[in-house]
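Novice: Curious how this folds, go ahead:
(one chain, ligands or ions: 1)
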Amino acid sequence: MIITHASVADLDGILALEQDGFAREEQWSPTAWAEELTAADRFVLAHTDSDGQILGVATFSCAEDMADLNRVIVHPQARGRGVGASLLRAGLEWAQALGATRMLLEVRRDNASALSLYRRLGFDQISLRRDYYGPGRDAVVMLRPIEGEEDEWALGR
Ligand SMILES: CC(C)(COP(=O)(O)OP(=O)(O)OC[C@H]1O[C@@H](n2cnc3c(N)ncnc32)[C@H](O)[C@@H]1OP(=O)(O)O)[C@@H](O)C(=O)NCCC(=O)NCCS
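Specialist: This next block holds a predicted model:
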């Protein structure tokens, strides 16, 4: 499996992941993804198999010392094999190279797989946003430091 920089040519594959990954009301639109893929301040990574099929996607941004994980999605049949973790590790390396010292994310409070992945990679909850995704759908806000040796340990090297 290979991690590459995603482009507009990957849009259809990414939209298929989006539809499998989220309930309709939480899906990003084709326009939103097209903008994500072309914006200068976004870093979108695709995890592909040997046939070039996209198994996972993640998008990040960075402003000064704060990086954000904006979205990560893995094909249902490829989950639980570390695809999400590999995308996050690549994003953390990108953010570190840009000089970020922290990465922030939001995740639905009931998204057990994502919470487990984020905790395993060193993210800690810093706050809770009530009804962030709609009534009764709270967001956990998580932060992870990005720094030298500790980072290398947490990245699992
Ligand atoms: C969250 C998500 C990206 C994780 O991707 P992944 O490639 O499965 O990540 P990992 O392989 O590193 O595993 C994540 C955890 O979920 C578990 N898991 C998730 N799906 C699984 C499955 N189908 N079978 C077995 N384990 C699964 C893994 O065992 C792992 O748990 P652990 O940390 O306790 O070991 C993926 O579940 C997904 O795409 N979900 C839908 C979209 C979403 O919610 N994105 C996050 C919010 S933006």
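
Novice: quick one: stretch 14-22 near the ligand?
Specialist: Yes. Counting by Cβ under 6 Å from any ligand atom, the ligand is contacted by stretch 14-22 at 21-22. All C-beta atoms are positioned from the backbone trio N, CA, C, and that covers glycine.

Novice: tell me which residues in that stretch are buried?
Specialist: Neighbour counts over stretch 14-22 (16 or more other Cβ atoms under 10 Å) mark 14-15, 17-18, 21 as buried.

Novice: Tell me who's in contact with the nearest residue in space to residue 43 that is not next to it in sequence.
Specialist: With Cβ to Cβ, 6 or more residues apart in numbering as the criterion, residue 43 has its nearest non-adjacent residue at 4.6 Å, and that residue is residue 60. Counting by Cβ atoms under 8 Å, 6 or more residues apart in numbering, residue 60 makes contact with 42-45, 67-70, 91, 94-95, 103.

Novice: could you redo these as TSV and give each row pLDDT and secondary structure?
Specialist: Converted to TSV, those look like this (pLDDT from 0 to 100; DSSP: H, G, I helix; E, B strand; the rest coil):
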residue	pLDDT	secondary structure
42	96	strand
43	97	strand
44	98	strand
45	98	strand
67	98	strand
68	98	strand
69	98	strand
70	98	strand
91	97	helix
94	95	helix
95	96	helix
103	98	strand
